[in-house]
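Asker: Just need the structure, nothing else, for what follows:
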Amino acid sequence: LQPVESGGGVVESGGSLRLSCGASGADLDGYAIGWFRQAPGKAREGIVCKNYGDGMVYTADSVDGRFTIKRDVSKTIVYLQMNDVQPDDTGVYFCAIGGRHSVQIPWDCGQHRFRDWGQGTQVVVSS
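Answerer: Numbering: from 1, shown residues only. Model prediction:
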């Protein structure tokens, strides 16, 4: 699977943005899906990751209460809903796809859990 992200852009501080991740219409049901970001000059970090195999969700403290992962009814698109964005949310956002129908305990955004990565979409939050 080759994930493709879209929806990035420039947003004002306090605003909202929704990023999308798809893989050429593939059924993403049961897969582990992760959203990662890389801020300028920093390492890539996992922010919201969900294992659709067992429903486990990990959300980084930095975005907890503001960012959520959702899926469309067709189960071919996974979204990252970003609310109350802040300048520190600026960066390149990546979608990644991991194993299918796997149970992984404990669950987190470890990058080793994901094998297929998108090219990223840029998000800039203006203050």
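Asker: Mind giving me the packing neighbours of the host helix or strand of V78?
Answerer: According to DSSP states H and E, V78 maps onto strand 77-82. The contact analysis (3 or more Cβ pairs under 8 Å, 6 or more residues apart in numbering; DSSP states H and E) places strand 77-82 against strand 17-22, strand 45-51, strand 67-71, strand 91-100. Every residue, glycine included, has its C-beta placed from N, CA and C.
Asker: which residues are contacting the last one?
Answerer: Contacting residues not belonging to strand 91-100 are listed as 1, 3-5, 8, 19, 21, 23, 28, 30-40, 42, 44, 51, 53, 78, 80, 111, 113-123 [Cβ atoms under 8 Å, 6 or more residues apart in numbering].
Asker: what lines up beside that strand in the sheet?
Answerer: Under the criterion DSSP bridges, strand 91-100 sits next to strand 31-38 (antiparallel), strand 114-117 (antiparallel), strand 121-126 (antiparallel) in its sheet.
Asker: list the buried ones in the shortest one?
Answerer: Right, the one you point to is strand 114-117. By neighbour count on 16 or more other Cβ atoms under 10 Å, the buried set for strand 114-117 is F114, W117.
Asker: from here on, count from 10
Answerer: Yes, from this point I'll number from 10; that puts the last item at strand 123-126.
Asker: starting at the chain centroid, how far to that strand?
Answerer: 12 Å (Cα atoms, centre = their mean, to the nearest Å).
Asker: Go ahead and name everything in contact with that strand.
Answerer: Against strand 123-126 from outside (Cβ under 8 Å, 6+ apart): L10, Q11, P12, A32, A41, G43, F103, C104, A105, I106, G107, G108.
Asker: Try it again at 7 Å.
Answerer: L10, Q11, P12, A41, G43, F103, A105, I106, G107 (Cβ atoms under 7 Å, 6 or more residues apart in numbering).
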